[in-house]
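S.K.: pasting the structure only:
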């Protein structure tokens, strides 16, 4: 009951924050130089004043700013994300047709990074000071420090061009017309490289975080007590140390989860993955205001949602934390 | 015209031996083989495929297979039949009569008739296509004389008119689908219906566009291919990999970074061509803000021309493709004249001119074109040239939309750009130099602020002069004046390389290259 009240209160707060974000984004994007009518006119190779005027009128850019804002906020309140004039389609359709691809990629990367990050972090912590520990921390540092796009390009060169094991780009084999299991297998094959590349960075972060946090907890009195009582070492690691050490990892996971929808612009671009990150990137360069704002809206909503979920998850992992 | 985000990039290779051996695309005499799938890169992903509504590069490249116009143009810009089998121009140059092919059908089976032509030109495109609208101002009326004859009557002779029947300028759209509807929101825009060699099948956004063979196409035997996949691959390096690993067969102009061109063309079974740009004739230049400061002095602008090593850019940055221009008109465009002042690379001469003016080293801002690495590095090369001559240049960084705005607001000193010429100086050249075209708010008009009444007069006369010999005389004179005045610094007649497997035959056969559809293309496999 107390939890429910908390969640409701947080939801209300989240809505207020979301509203503030919408307004802020609205102004932020219009503060950027350039406007969509000019970009489109340029692409059309023609720009009599009439053409640009037509476009501006169509986009509603000829109205005063406060009127544009009122219209936009009014639409958002009714969950209408507006119309992408450039693509001539509703923003919600454009966003939601890209959502599955992005969630598949970021979700897989998320699971990989948490699972492997915790595993390697725990291994390193248990064998602190050994060769294994050094290996794990070194690799974690390398993956943490290497730019994602470079890792991606190298992975493509090695696994696609040189070895020919995995497809280099895309989400499916174009023109293969696969169905059912064969299709799933095809997508899975295409998923390996981008998901691993994207997962590597967070895996490195989780591994380092888990290791240091476990080492810290391992020094605490209750662990010594457990050891003195003769609890099996494996059980100490899992139940006493890991469970307590995992809180900062959850915090970070919450942050990463919030970014799931925002997509991974770099990874999606290098691997030609048809997700939201690329949609956002294109929209930015073309100053497709409504589309960009729509993507921002959906991803901010996700961040807020996952913050909330993280807070609730805390209480399950550590009952000492109370919700207020 | 400039396509945003068309990323074409710089060559990092040394000047020596960087020049490619370019073949004229061979028009195969062998009997074409039927069947097969062609995979082509499309970059960037088009915003839509309804060519009558969206007129940008990638849209035309894909939709050029779906939609057609009355004519096509060969490499010398000579009109050849497409939907019109023949045509006549009256002796006074004012009446154009087109005889349409019989038995042409839209992809939904309805017949294509003269009524569609009148609807497309007079109703639909007048509303949606700014580029055509300019030319249609010279047209008095468009009538269907019968089901297969259309007559365009002009108010006065307008020489460029024979050039507006290109697929992207005047695509034929189906009257039975669009008449009486709101063109831009018509749901049929998502499933375009044309008369072209390929029919729209599927668009997996962010991944690919699939076109299939139009079995009722009006050219006997064509198309030879069963299907075409246009693959959307946003990263230039990944596009190169896609070609290397055999996933795509054709890299249209501008789809890979220029420094990859040499490596890719060295691959087995690979050809490259710079043909297929004759109609657009993209000409790159540097805007010079003529309005104030040292740049308002003609001698300073001439010094800029002498200071730039334009051959270096051609040979190194563009792999030897293209041609160093002599002035405002591309050598591929009609009425070109090379009887003009020449500006060879001559740093000493540039320095002498600067000294004569007494240039005080005032910093000059340079805005490169934010279309990727090629343009960035080209900007750096020019900056270095200008520095060598003693001009103090500062680079300004921006993105495409910011670049558009800075140019439109005249907030620059020097700025890179490239524009299309559309075959005729009246369409693609005059707009940059006539003073009536000075207006804030567009990056595509006379943004340099060049004013010369004589030039205005000559361009105005030349557009409507008749016959062509008369036009040539006027254009000869105007080119001479402009080149002397250097309102902008002409850099390169660009030829974007099309890279393709050598066993893809008849890929580039007209002046707009791959944009004219793949009806005649076939696979020798």
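M.R.: Looks like it arrived, so ask away. All of these numbers come straight from a predicted model, not from anything done at the bench. Numbers count the residues shown, from 1 in each chain, chains lettered A, B, ... in the order given.
S.K.: Neighbours of residue B:247, how many?
M.R.: For residue B:247, the count of nearby residues is 22 (other Cβ atoms under 10 Å in any protein chain shown). For the C-beta atoms, the positions are set from N, CA and C on the backbone; glycine is no exception.
S.K.: Now do the contacts for it.
M.R.: Shown in contact with residue B:247 (Cβ atoms under 8 Å, 6 or more residues apart in numbering or on different chains): A:168-169, A:174, B:39, B:231.
S.K.: Tell me if I am right that it is in a helix.
M.R.: No: using DSSP: H, G, I helix; E, B strand; the rest coil, the secondary structure at residue B:247 is coil, not a helix.
S.K.: Pop out the phi and psi values for it.
M.R.: Main-chain torsions, residue B:247, degrees, to the nearest 10: phi -80, psi -30.
S.K.: Spatially, what comes nearest to residue B:207 if we skip its sequence neighbours?
M.R.: The shortest distance from residue B:207 to any non-neighbouring residue, by Cβ to Cβ, 6 or more residues apart in numbering or on different chains, is to residue A:274 (4.7 Å).
S.K.: how deep is the nearest residue to residue B:330 once chain neighbours are set aside tucked in, by neighbour count?
M.R.: Take residue B:330 and drop its neighbours on the chain: the residue closest to it by Cβ to Cβ, 6+ apart is residue B:281, 3.9 Å away. Residues contacting residue B:281 under the criterion other Cβ under 10 Å number 27.
S.K.: Can you give me the pLDDT of residue B:467?
M.R.: On pLDDT, residue B:467 comes in at 90.
S.K.: do the one 5 residues further on as well
M.R.: Per-residue confidence for residue B:472 comes out at a pLDDT of 96.
S.K.: Could you pull up the residues touching the nearest residue to residue B:424 once chain neighbours are set aside?
M.R.: Leaving aside its sequence neighbours, residue B:424 sits nearest to residue B:160 (Cβ to Cβ, 6+ apart; 3.7 Å). Contacts for residue B:160 (Cβ under 8 Å, 6+ apart) come out as B:135, B:422-424, B:426-427, B:463.
S.K.: Now with 7 Å, please.
M.R.: For residue B:160, the contacting residues are B:135, B:424, B:426-427, by Cβ atoms under 7 Å, 6 or more residues apart in numbering or on different chains.
S.K.: Max pairwise distance over those: which two?
M.R.: B:135 and B:424 (9.7 Å; Cβ to Cβ).
S.K.: These two: which is more packed in?
M.R.: A count of neighbours by other Cβ under 10 Å puts residue B:424 above the other of residue B:135 and residue B:424, at 28 against 22.
S.K.: contacting residues around that one?
M.R.: B:159-160, B:163, B:333-334.
S.K.: Residue A:185: neighbouring residues, count only.
M.R.: Counted with other Cβ under 10 Å, residue A:185 comes out at 11.
S.K.: next one: residue B:257
M.R.: 21.
S.K.: isn't it right up against residue B:236?
M.R.: Yes: between residue B:257 and residue B:236 there is a contact at 4.8 Å, judged by Cβ atoms under 7 Å.
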